[in-house]
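Chemist: got a sequence here, can you build the structure:
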Amino acid sequence: MSWSAGAGLDGKAVLVTGAAGGIGRAVATAFAAAGARVAAHDLRGEDVDALVGELGGDPHVGFAGDLRDPEQPAALVGAVRERLGRIDALIHVAAVILRTDVASVTVEQIDLQQEVNVRAAFLLNRAAAEAMREQGGGGRIVNFSSQGWWTGGYGGSVVYSATKGAIVSMTRGLARTYGRDGILVNAIAPGAVDTPMMTEGLSREAFDNFVAQIPLGRIARPAELASVAVFLASDHASYVSGATINVSGAQLMY
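Modeler: Below you'll find the predicted structure:
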């Protein structure tokens, strides 16, 4: 085994969803730096094109689309295989959060977060895993959850946190389902991260109170999540599957 940071990732085809966002952009950049061929996906084509143009290393490709469309996940995996020849890893970052007081949550808000955060995640995980199984040689899937899967959520994010609990459960079930095929499925549970999603719909007072609970005294940089994703997809994590990695600056300990 090479002891470079991205051992085993050179030339691998890695699909990153939510790639134009704060964490997703850092993840795509990190995999490109590790020598992978990145397939970047996000909602807006212009944002994806801009990101792909910034990535160094091997030729990378971009895709745009709405994961709420139930046909999108399988079509996306098929498109990645067509353009890059195969899919070796899925790093699923894409999600939506709607912070709303519990008494004010609407059915439409519940449905949107369920469709994007749970249904799309399952369909995409399954499509990627089945493609990896068909190709042979194993593969890696890394899903992004949230510390909310454990806490139940802060700042009106109860529904969002419930969807992230589903991600953890799904990750465990799929790790068991596809383990014999050499497909490792893991999750990352970030705490507070310096992205627009972190502060959207959150008052300054609520944000400051949240940060005050973090023993490290600060929120994470997106690159500090990207490094964990690279580790889980690399040869260094060849016996890690079904795990949820807590990256919360010691705010949570489990």
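
Chemist: contacts for the helix or strand encompassing residue 169, please.
Modeler: Using DSSP states H and E, residue 169 falls within helix 158-178. By Cβ atoms under 8 Å, 6 or more residues apart in numbering, the surrounding residues in contact with helix 158-178 are 95-100, 102, 105, 109-110, 113-114, 117-118, 121-122, 125-126, 129, 132-133, 141, 143-146, 148-149, 151-153, 184-187, 189, 241-242, 244. Every residue, glycine included, has its C-beta placed from N, CA and C.

Chemist: quick one, which of those residues are buried?
Modeler: 95-100, 105, 109, 113-114, 117-118, 121-122, 125-126, 129, 132-133, 141, 143-146, 148-149, 153, 184-187, 189, 241-242, 244 (16 or more other Cβ atoms under 10 Å).

Chemist: picking that back up, of the contacts of helix 158-178, which belong to strands?
Modeler: Applying DSSP state E to the contacts of helix 158-178, the entries found in strands are 141, 143-144, 184-187, 189, 244.

Chemist: from those residues, which two are the most distant?
Modeler: 184 and 189 (16.9 Å; Cβ to Cβ).

Chemist: how far away is residue 216 from residue 139?
Modeler: If you measure residue 216 against residue 139 using Cβ to Cβ, to the nearest Å, the figure is 33 Å.

Chemist: between those two, which one's more packed in?
Modeler: Neighbours per residue (other Cβ atoms under 10 Å) separate residue 216 from residue 139, with residue 139 holding more: 25 against 12.

Chemist: may I have the phi/psi pair for the more buried one?
Modeler: Dihedral pair for residue 139: phi 170, psi 180, per degrees, to the nearest 10.

Chemist: that one pairs with what?
Modeler: Note on residue 139: beta-bridge partners by DSSP bridges are residue 183.

Chemist: residue contacts, it?
Modeler: Applying Cβ under 8 Å, 6+ apart, the residues near residue 139 are 87-90, 128-129, 132, 182-184.

Chemist: show the buried residues in those residues.
Modeler: Of those, these count as buried by 16+ other Cβ under 10 Å: 87-90, 128-129, 132, 183-184.

Chemist: as TSV, the residues you listed with distance to residue 74 and pLDDT would be great.
Modeler: As requested, the buried ones among the contacts of residue 139 are exported to TSV (distance: Cβ to Cβ, whole Å; pLDDT from 0 to 100):
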residue	distance to residue 74	pLDDT
87	12	98
88	17	98
89	17	98
90	13	99
128	9	98
129	12	98
132	14	98
183	17	98
184	21	98
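
Chemist: and the residues you listed, which is closest to residue 208?
Modeler: For those, the residue nearest residue 208 by Cβ to Cβ is residue 90; the value is 35.6 Å.

Chemist: tell me which residues of stretch 169-178 come out buried.
Modeler: So for stretch 169-178, counting by 16+ other Cβ under 10 Å, buried means 170-172, 174-175, 178.

Chemist: spatially central residue in the chain, please.
Modeler: residue 93 (2.4 Å; Cα atoms, centre = their mean).

Chemist: for that residue, give its distance to residue 107.
Modeler: 26 Å.

Chemist: per-residue confidence for residue 192?
Modeler: Reported pLDDT at residue 192 in the predicted model: 87.

Chemist: what's the answer for residue 195, then?
Modeler: pLDDT for residue 195: 82.

Chemist: ok, it touching residue 220?
Modeler: No - with contacts counted by Cβ atoms under 8 Å, residue 195 stays clear of residue 220, the gap being 9.3 Å.

Chemist: now do residue 178 against residue 152, distance only.
Modeler: 29 Å.
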